[in-house]
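> Got a predicted model here, sequence first, then my questions.
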Protein chains: 2
Amino acid sequence: MSHANSPVPDSPRPALIALDQALAELLAQALPLGGHESVSTFDADARVLAQDISAALDVPAHDNSAMDGYALRCADLLDTDVLKVTQRIPAGSAGHALEALGAARIFTGAPIPAGADAVVMQEDCSALSDTGCVQVRMAPQPGQWIRRRGEDVSRGAVVLQRGHRLNPASLGLAASIGFDRLSVTRPVRVALFSTGDELVMPGEVAPGDMKPGAIYNSNRFFLRALLLRLGCTVSDLGIVPDRRDATIDALRAAAAQHDLILTSGGVSVGEEDHIKPAVQTLGELKLWQLAIKPGKPFAYGRIRRQSGSDDVAHFIGLPGNPVSSWVTFLLLVRPFVLALQGATDIKPQAMSLTANFSWPKADKRREFLRVRRDAAGGLSLFDNQSSGVLTSVVWADGLVDNPPGKTIAPGDTVQFIPMSALLA
Amino acid sequence: MSHANSPVPDSPRPALIALDQALAELLAQALPLGGHESVSTFDADARVLAQDISAALDVPAHDNSAMDGYALRCADLLDTDVLKVTQRIPAGSAGHALEALGAARIFTGAPIPAGADAVVMQEDCSALSDTGCVQVRMAPQPGQWIRRRGEDVSRGAVVLQRGHRLNPASLGLAASIGFDRLSVTRPVRVALFSTGDELVMPGEVAPGDMKPGAIYNSNRFFLRALLLRLGCTVSDLGIVPDRRDATIDALRAAAAQHDLILTSGGVSVGEEDHIKPAVQTLGELKLWQLAIKPGKPFAYGRIRRQSGSDDVAHFIGLPGNPVSSWVTFLLLVRPFVLALQGATDIKPQAMSLTANFSWPKADKRREFLRVRRDAAGGLSLFDNQSSGVLTSVVWADGLVDNPPGKTIAPGDTVQFIPMSALLA
């Protein structure tokens, strides 16, 4: 420690940066990656559309029946309730124009024959089998049980927009208008590094043999799973080497092959490791103290792929603390990675629910409390909100986004972000 | 109503069965599959635990520092604010007992040395470097910034229970107590069949060349994606053969290799295809008319793997209509598949939100309306609630579970199920 002989603080208390400001600065760096690829619609779940998807046909392509039953002309039923069954139109077939006082036996999805203006469900009809007639026991309204051409999708309409993150429903929708392949942005290639001398990989040392201060590395497990859910490809590059020059070499090599290098640990003020100076050597690094709890320290950097080049890989350093790492991933890395993929919907929306707990001690930082919905539909609080391990996160089904300085009393309305939305 | 000659209805209007009853009957059949496997914790996302996971160690294993700073004895600060820095304890190292009027430079996660009873953040201290002392500018409380041994997980505690469906957080938690492998139930093997003469696979016929009545098969795309998200292995067996005996052979062969055969289409009353009689030949089949909208027809069957055997594959037939197929999958097949995997948490919980729409016409069936949360935090309704294509499902971010016979006015509280919870 070379601060002369004056009482300078080890590290001055750094200014805290608001989450929204940090996210805005981060997203300003998240220019969508170039490179599209064509993938089978079967395999495109969780990918991001690189192009608008427009319908080249109407859906349905023709007026068709919404029910199994009989297609008929309403006016024919003014004087009789018995019609002659003159044709049979299964789904996939086309009928012919309906005769006066005729009915078409029709099945769900089959095209409505010309002249028919309603369908009566088979449950409301009786076949008079020896006569080839049907008795209609219910007076239909014109248009009844007819799905109109183009009612669901009209030809030329953009049904899915560039930047849409595909999900099972949108794969189905794309298939329904004939797309067997989709143009999607390429996956974000992420390199995961670990840092921290205290970290031991599970399986390498038995619990009974752990040295004092040693802890199992858990962050790599959940970070990898979270990245895979976001559609990234993930390289696990292990532990950061123990020497400065080796760290620089490892980071430079990772930057050449990846879009984002993600670490956890080593970003607190005063924390000692080789990552921070190595990133600074290779590019630039910003160290933030986020005004959130958990999750204070956070680093964003850019690593030049060639000396003097503008071609950079992104670097993000998360706090080493598992819950802090988890929360900062979901609040900052997740939208960043989605933005790199060109996704447009990157922030989950909170909803107003009722707290069934008390949070009497406000923090000056914005807090993300681990909560679970109870049987009454309100929110219960996990009793230990410390950020040590992930028990609270496993227990919780969502986070309460609590503004700085706000206490919570039972019955208060709070902002709830479902975990399922953050993990999707 | 003259039931003239042979006045039998085509099909009598079948009794509707309540969703909860159908689900209970279905789940009564969903005995967990036998067979566990050990997988790397890295690869266990979305799998279901076959065993309880208990901690073989305390987490933290020792009292440790929650901050970078100085570990000290509070009583020493009664008479002075300057302490001698006598040791340095990075994370991963163990210190030694603290001398009187001594302080240990300590980093987050490092074990608290014997004798120390608090940590002061480095931001609240000033190193007096030429003296090897530190000036403490804030009076600490005993226990301050110390994480207690076992505070997060105590040795012997069950941290994850058998039947828990793993997610990124629980993978991290398992890793944090040393599990590099996990015993999980085996994946459900699902065979997907298509049925319906009107169906055309995307890519096989261009939109402009589609015959009247032909529609693109979309259900296979979203059903496969939904099944994969549930951790199933999926075989796509294509179109059901066009002859009875070939259908029986195909179903029998599929039953031998799969736990569940899933089809969509062909289960409406009066609908004609070979699936229903083939399932009946090979085992048993129940045809239900669910009292829900969308999603009325639904079939559950059991196919004997050997004649006369109790060893069966499950059969589920969904409605062919895409939205009906989607909704019945999420409400019935999803919990069924999770139960086969031995998962305990199989039903998503609805939450109370405010409708910002009007639904003036009640249905006698329980309805699942496609809605989206608006900027005000209330719910908007997709304007076309017909069940034709998936536009409403893609647009929606959740379903309103609306009881039979209930109208909705703006401002009413309704039960909302987030789509993200149904897709997870």
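That came through, no problem. Values in this document were obtained by computation on a predicted structure and should not be read as measured data.

> How much space separates the closest residue in space to A:E367 that isn't next to it in sequence from A:M419?
Excluding the flanking residues, the one nearest A:E367 by Cβ to Cβ, 6 or more residues apart in numbering or on different chains is A:N402, at 4.4 Å. All C-beta atoms are positioned from the backbone trio N, CA, C, and that covers glycine. For A:N402, the distance to A:M419 (Cβ to Cβ, to the nearest Å) stands at 16 Å.

> give the contact list for A:V119.
A:65-67, A:69-72, A:106, A:112, A:140, A:144-146 (Cβ atoms under 8 Å, 6 or more residues apart in numbering or on different chains).

> Which of those residues fall in strands?
Among these, the ones falling in strands (DSSP state E) are A:65, A:69-72, A:106, A:146.

> Same list, these, but as TSV with distance to chain B, pLDDT and neighbour count please.
Compiled in TSV, those are given as follows (distance: Cβ to the nearest Cβ, whole Å; pLDDT from 0 to 100; neighbours: other Cβ atoms under 10 Å in any protein chain shown):
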residue	distance to chain B	pLDDT	neighbour count
A:S65	10	92	27
A:G69	9	94	29
A:Y70	9	97	27
A:A71	13	97	30
A:L72	14	97	28
A:I106	11	94	30
A:I146	11	94	21
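
> tell me which residues in the helix or strand that A:R372 is a member of are buried?
Assigning secondary structure by DSSP states H and E places A:R372 in strand A:366-373. Of the residues in strand A:366-373, A:366-371, A:373 count as buried by neighbour count, 16 or more other Cβ atoms under 10 Å in any protein chain shown.

> And stretch A:324-342, by the same measure?
By neighbour count on 16+ other Cβ under 10 Å, the buried set for stretch A:324-342 is A:324-342.

> from those, which are also near chain B?
Among these, the residues lying close to chain B (Cβ under 8 Å from any Cβ of the partner chain) are A:W326.

> to the chain's geometric centre, what's the distance from stretch A:125-140?
Centroid separation for stretch A:125-140 versus its chain: 51 Å, with Cα atoms, centre = their mean, to the nearest Å.

> Endpoint to endpoint, it covers what distance?
By Cα to Cα, to the nearest Å, the extent of stretch A:125-140 from end to end equals 11 Å.

> does any bit of it sit next to chain B?
Yes - with Cβ under 8 Å from any Cβ as the criterion, chain B is reached by stretch A:125-140 at A:125-131, A:134-135, A:137.

> and that stretch, what's its mean pLDDT?
Stretch A:125-140 carries an average pLDDT of 92.

> With stretch A:29-36 instead?
What stretch A:29-36 shows for mean pLDDT is 92.

> same deal with stretch A:91-101?
In this model, stretch A:91-101 carries a mean pLDDT of 89.

> Pull the residues that contact it.
Residues contacting stretch A:91-101 (Cβ under 8 Å, 6+ apart): A:71-73, A:76, A:80, A:83-84, A:86-87, A:89, A:104, A:106-116, B:196-199, B:211-214.

> mind running it again at 6 Å?
A:76, A:83, A:86-87, A:89, A:104, A:107, A:109-111, A:113-116, B:197-198, B:212-213 (Cβ atoms under 6 Å, 6 or more residues apart in numbering or on different chains).

> in the longest helix seen in chain A, what's buried?
In chain A, taking DSSP state H as the definition, the longest helix is helix A:244-257. Going by neighbour count (16+ other Cβ under 10 Å), the buried part of helix A:244-257 is A:247-248, A:250-252, A:254-255.

> for stretch A:303-319, same thing?
A:303-305, A:312-319.

> Show only the entries of the residues you listed found in strands.
Secondary structure from DSSP E places A:303-304, A:312-318 of those in strands.

> And the pLDDT for A:P14?
pLDDT recorded at A:P14 is 68.

> And for A:Q349?
A:Q349 is given a pLDDT of 87.

> Likewise for A:V267?
On the pLDDT scale, A:V267 is placed at 73.

> Of the residues of stretch A:125-140 next to chain B, keep whichever come out buried.
Among the residues of stretch A:125-140 next to chain B, the ones that count as buried by 16+ other Cβ under 10 Å are A:125-128, A:134-135.

> what's the spacing between the nearest residue to A:A114 once chain neighbours are set aside and A:T86?
In space, not counting the residues next to it along the chain, A:A114 is nearest to A:A97; the distance is 4.1 Å by Cβ to Cβ, 6+ apart. Distance check for A:A97 against A:T86: by Cβ to Cβ, it reads 10 Å.

> Looking at the two, which is more packed in?
Using other Cβ atoms under 10 Å in any protein chain shown, the more surrounded residue of A:A97 and A:T86 is A:T86, with 18 against 11.

> Would you agree the more buried one is in contact with A:R105?
No - contact between A:T86 and A:R105 fails when scored by Cβ atoms under 6 Å: they sit 9.1 Å apart.

> Would you map the helices across the stretch 151-300 of chain A?
A:168-176, A:219-229, A:244-257, A:275-282 (DSSP state H, counting those that start in this stretch).

> quick one: the first one to helix B:219-229, angle?
It refers to helix A:168-176. Relative orientation of helix A:168-176 versus helix B:219-229 (axes from the mean of the first three to the mean of the last three Cα atoms, to 10 degrees): 150 degrees.

> Quick one: residues in contact with helix A:168-176.
Contacts of helix A:168-176 (Cβ under 6 Å, 6+ apart): A:41, A:44, A:53, A:159-160, B:202, B:216, B:218, B:221-222, B:225-226, B:389-390, B:393-394.

> so where is chain A shaky, pLDDT-wise?
For chain A, applying pLDDT under 70 flags the ranges A:1-14, A:268-272, A:387-389.

> how does it divide up, domain by domain?
Domain assignment for chain A by automatic domain parsing gives A:36-56+A:162-185, A:64-147, A:187-340, A:351-423.

> Name the residue of the stretch 201-350 of chain A that lies nearest to chain B.
Using Cβ to the nearest Cβ, the point where the stretch 201-350 of chain A gets nearest to chain B is A:G203, with a distance of 3.0 Å.

> Does that residue touch B:D180 like I think?
Yes - taking contacts as Cβ under 6 Å, A:G203 lies within contact range of B:D180: 3.0 Å.

> which residues does the nearest residue to A:D81 once chain neighbours are set aside contact?
Nearest non-adjacent residue to A:D81, counting by Cβ to Cβ, 6+ apart: A:V136, 5.2 Å away. A:V136 makes contacts with A:81, A:120, A:125, as judged by Cβ under 6 Å, 6+ apart.

> Quick check: phi and psi on A:V136?
When quoted as degrees, to the nearest 10, the phi and psi of A:V136 stand at phi -100, psi 120.

> so it bridges to which residues?
Going by DSSP bridges, A:V136 is paired in beta bridges with A:C125.

> if we can go back for a sec, can you put the domains of chain A in CSV and add distance to B:G265?
Shown next, in CSV, are the domains of chain A (distance: least, Cβ to Cβ, whole Å):
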stretch, distance to B:G265
domain A:36-56+A:162-185, 14
domain A:64-147, 8
domain A:187-340, 31
domain A:351-423, 30
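
> picking up where we left off before, including distance to chain B, could the ones in strands among the buried residues of stretch A:303-319 go into a markdown table?
Listed next are those as a markdown table, based on distance: Cβ to the nearest Cβ, whole Å:
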| residue | distance to chain B |
| --- | --- |
| A:I303 | 25 |
| A:R304 | 30 |
| A:V312 | 28 |
| A:A313 | 23 |
| A:H314 | 21 |
| A:F315 | 21 |
| A:I316 | 17 |
| A:G317 | 14 |
| A:L318 | 13 |
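
> Return the backbone torsion pair for the nearest residue to A:P418 once chain neighbours are set aside.
Of all residues not flanking A:P418 in the chain, A:G398 sits nearest, at 4.6 Å (Cβ to Cβ, 6+ apart). A:G398 adopts backbone torsions of phi 180, psi 170, taken as degrees, to the nearest 10.
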